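A.B. asks: no sequence for this one, just the structure:
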């Protein structure tokens, strides 16, 4: 049986001394909302990547 694709894509980009990220949703009503960028630091970036690895695929 095929697994469903992830509900969102995580985009990460450098922003000066910090980082920014956004979630682009693929399903549900959230896919119609704009994907806003959020600022984070190196610790937050590490945590985002850990959470992204843990989510079911």
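C.D. replies: Done, it's in. The structure presented is a predicted model; accordingly, all values stated were derived computationally and were not measured.
A.B. asks: Determine the three-state secondary structure at the residue most central in space within the chain.
C.D. replies: What sits nearest the mean C-alpha location of the chain, by Cα atoms, centre = their mean, is residue 10, with 2.5 Å. Here residue 10 is recorded as strand under DSSP: H, G, I helix; E, B strand; the rest coil.
A.B. asks: Roughly how far does it sit from residue 29?
C.D. replies: 19 Å (Cβ to Cβ, to the nearest Å). In short, each C-beta sits where N, CA and C put it, glycine included.
A.B. asks: Residue 20 now?
C.D. replies: 24 Å.
A.B. asks: These two - which one has more neighbours?
C.D. replies: residue 20 (16 against 7; other Cβ atoms under 10 Å).
A.B. asks: Would you check that that one makes contact with residue 40?
C.D. replies: Yes. Here residue 20 reaches residue 40: they are 7.0 Å apart, a contact under Cβ atoms under 8 Å.
A.B. asks: Quick one: low-confidence residue ranges for the chain.
C.D. replies: Low-confidence segments of the chain (pLDDT under 70): 1-2, 55-57.
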